[in-house]
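**Student:** Coordinates only, no sequence provided:
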């Protein structure tokens with residue numbers, strides 16, 4: 001009897017350990033699994049490619065800008081021939097982003113295009129910020145913002161900085177051409 005209880009406890013512990021180590025439901029795992037897949041494009045983008053003149057930024061904007069170190073982009077190009085695959089991939093991403101670790105920051109729609117901004121972390125510190133945009137005609141794109149000392153408040157401030165950014169189109173040309 002005692003041996004059976006130890007055996008059952010060992011099995012339960014091992015099973016729970018293996019389940020907790022399973023990273024299949026994370027956005028990072030989704031990026032890795034699809035980086036070489038057909039209809040997908042990935043690119044790591046340094047924050048410096050935004051060509052922002054820091055001398056024109058307020059202290060809050062500067063702190064927000066300096067908290068982001070790099071951007072990871074994953075895009076899926078939708079078209080008439082892969083409409084079913086697009087639906088499946090969208091469902092996968094939406095399922096991942098429904099996880100309670102992804103906190104809502106902002107969401108809006110415009111002319112059939114939907115953008116969702118979420119973050120991982122607390123109200124004070126964001127470990128990662130995710131921007132997910134989708135369009136029935138073009139497909140979807142996910143940007144992971146990674147950095148140090150990021151916060152949801154800083155990310156809202158960063159939006160105003162990004163609106164006036166002079167993006168080096170040469171560095172994102174592959175992404176722009178991918179969706180054409």
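**Tutor:** Alright, I've got the coordinates. Remember, it's a predicted structure, so these values are computed and weren't measured experimentally.

**Student:** now the helices for the protein?
**Tutor:** With DSSP state H as the criterion, the chain has helices at 2-21, 27-34, 59-67, 83-97, 152-163, 173-178.

**Student:** where among the ones you listed is the average confidence lowest?
**Tutor:** For the helices of the chain, mean pLDDT drops lowest on helix 2-21, to a mean of 40.

**Student:** Contacts only, for residue 130.
**Tutor:** 27, 97, 102, 116-120, 142-145 (Cβ atoms under 8 Å, 6 or more residues apart in numbering). Where C-beta positions appear, they are placed from N, C-alpha and C, glycine not excepted.

**Student:** of the residues you listed, closest to residue 131?
**Tutor:** The shortest approach to residue 131 among these belongs to residue 143, at 4.4 Å (Cβ to Cβ).

**Student:** tally of neighbours for that closest one?
**Tutor:** 17 (other Cβ atoms under 10 Å).

**Student:** who touches it in this structure?
**Tutor:** Contacts of residue 143 (Cβ under 8 Å, 6+ apart): 71-73, 130-132.

**Student:** what is the mean pLDDT for the longest strand seen in the chain?
**Tutor:** In the chain, with assignment by DSSP state E, the single longest strand is strand 139-150. The average pLDDT for strand 139-150 rounds to 89.

**Student:** Nothing else from me, thank you.
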